[in-house]
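Novice: Kindly return the folded structure for what I paste below:
(one chain, ligands or ions: 2)
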Amino acid sequence: MVLEVLKFPDARLRKKGEAVKEVTPKLQELATNMIETMYAENGIGLAAPQVGESVRLLVIDTRPRDEDGNIVLDGMTELERQVDQPIVIFNPEITVAREKTTYEEGCLSVPGFYETVDRNKYVEVKGLNFKGEEYTIKTDGLLAICLQHEMDHLEGKLFIDRLSFLKSNRIKTRIQKHGYPTAEEVVEERQEVRARRKAAKEAATAAGSK
Ligand code: QAP
Ligand code: CO
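Specialist: Ligands and ions are numbered 1, 2, ... in the order given. Predicted coordinates for the structure are as follows:
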């Protein structure tokens, strides 16, 4: 079942997620519906507070795909390839975080807006899987960024809260005054973002091979 994704400034996005005591069939059903919702909305990650459930649960699938929906492995780092996706993780905790990076992020709860956010490049995240078993994800690349972005949702925090005061206020005021951009405007913005990310990646590759 596809769930409704809440949008900023919905107050429910500001509530902290509660720790899961036990992975019950009801929570498993929520996780399954969240995965369905993430795919339906063309997202790469979704946190339970975004669908109005204040529990510590994330679903993620950052695997890049071509036009036919096939997974493109060469768009992933070595570490990312070793992680089983889609990811379901309850009570995620960062145990190791190393090095800094930036990424131009978006969010299903702030559709049509993209800004560069500071994150760690490498993380280890411990939590419970779909079956309630403890496991640890060790990764970098887009998956590491996405884990950090989604974990922020469990603290009631959005990527637009992590920008400079000026940028953050500009976006929040714009949404509160004018609402969200239309579907066509969103598509246009996403194409521009994709082109900028590609250029950023190429620049990083060129710098690394010097
Ligand atoms: C979080 O975000 C993320 O504006 C997941 O019109 C994003 O899935 C982590 C989306 C980037 C790391 C890097 C946004 C879909 C999806 C939109 C998403 C939109 C349609 C965002
Ligand atoms: Co988000």
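Novice: Please point out which parts of whichever strand or helix holds Ile171 sit buried.
Specialist: In the assignment (DSSP states H and E), Ile171 maps to helix 165-178. Neighbour-count burial for helix 165-178 flags Ser168, Ile171, Lys172, Ile175 (criterion: 16 or more other C-beta atoms under 10 Å). C-beta: built from backbone N, CA, C; applies to glycine.
Novice: go on, stretch 72-90?
Specialist: Met76, Glu80, Val83, Gln85, Pro86, Ile87, Val88, Ile89, Phe90.
Novice: model confidence over it, on average?
Specialist: Stretch 72-90 shows a mean pLDDT of 97.
Novice: Just the helices from this structure, written as ranges.
Specialist: For the chain, the helices defined by DSSP state H occupy 25-40, 78-81, 141-153, 165-178, 183-208.
Novice: Using CSV, write down the CA coordinates of the third one.
Specialist: Meaning helix 141-153. Below are the C-alpha coordinates for helix 141-153, written out as CSV (Å, rounded to 0.1, in the frame of the first residue of the first chain):
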residue,chain,number,x,y,z
GLY,A,141,29.1,6.9,-1.6
LEU,A,142,25.5,7.9,-2.0
LEU,A,143,24.3,5.2,0.4
ALA,A,144,26.3,6.8,3.3
ILE,A,145,24.8,10.2,2.5
CYS,A,146,21.3,8.8,2.4
LEU,A,147,21.7,6.9,5.7
GLN,A,148,22.7,10.2,7.4
HIS,A,149,19.9,12.1,5.7
GLU,A,150,17.2,9.6,6.8
MET,A,151,18.6,9.3,10.3
ASP,A,152,18.1,13.1,10.7
HIS,A,153,14.3,12.5,10.1
